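K.L.:
predicted model and sequence follow; I will ask about them next.
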Amino acid sequence: MDQENVSAILTVAVPAARVFAVLADPATHAAIDGTGWVQKAVDRAPLTEVGQVFRMDMYHANHPNGDYQVANKVQVLDPPRAIGWLTGQEKGDGHLEFGGWIWRYDLAPLGPSETEITLTYDWSAVPQCIREYIQFPPFGPEHLANSLYHLAELVSGR
């Protein structure tokens, strides 16, 4: 694959501010996730600033430990238009290390009560040493669309 990012787009009949509020709440991320890997938020404070770190408990059958934890660092925070974070891990010494991939949601208001949501997963900054043992993207193409459908259900109150 020559392209180093994948995106999906969905329009919802909900104001951008409501969509942004749900995305800025780490407690909603397990319900949004389209793979089922995200289990629950460890850090539940709303995302309010670039540089903020929030951790998530994860599970993946092919991960060496099965259960593991990721540390996410907010890279983009432009309410109610964009939010994004790098995903990494905390090393034994407490040092955070990020792999170079980012999750980003761009919200385009189409009117007072309609929003176009673009979810992008970008791995263009992943170093070769990580690419040697992780295939990118590490999920099928349906993952992003599933995530957007889950998000639409949450913001619509269904």
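P.N.:
Alright, I've got the coordinates.

K.L.:
what about the helices in the chain?
P.N.:
In the chain, the helices defined using DSSP state H lie at 16-23, 29-32, 128-131, 142-156.

K.L.:
grab the most central residue of this protein for me.
P.N.:
Among the residues of the chain, the one closest to the centroid is residue 103, at 4.3 Å (C-alpha atoms, centre = their mean).

K.L.:
and whichever strand in the chain runs longest, C-alpha only, in CSV?
P.N.:
The longest strand of the chain (DSSP state E) is strand 96-111. The C-alpha trace of strand 96-111 is given here as CSV (Å, rounded to 0.1, in the frame of the first residue of the first chain):
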residue,chain,number,x,y,z
LEU,A,96,6.1,7.5,27.3
GLU,A,97,7.0,6.2,23.8
PHE,A,98,4.8,6.8,20.7
GLY,A,99,4.9,4.7,17.6
GLY,A,100,4.1,7.4,15.1
TRP,A,101,0.5,6.7,14.2
ILE,A,102,-2.3,9.1,14.9
TRP,A,103,-6.1,9.0,15.1
ARG,A,104,-7.9,12.1,14.0
TYR,A,105,-11.5,13.2,13.7
ASP,A,106,-12.4,16.3,11.6
LEU,A,107,-15.8,17.7,12.0
ALA,A,108,-17.4,19.9,9.3
PRO,A,109,-20.7,21.5,10.3
LEU,A,110,-23.1,21.3,7.4
GLY,A,111,-25.7,23.5,9.2
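
K.L.:
strands paired with it, and their directions?
P.N.:
strand 82-90 (antiparallel), strand 114-122 (antiparallel) (DSSP bridges).

K.L.:
contact partners of the first one?
P.N.:
Counting by C-beta atoms under 8 Å, 6 or more residues apart in numbering, strand 82-90 makes contact with 20, 23-24, 47, 54-55, 68-77, 96-107, all of which sit outside it. Just so you know, the C-beta spots here come from the backbone N, C-alpha and C atoms, and that holds for glycine as well.
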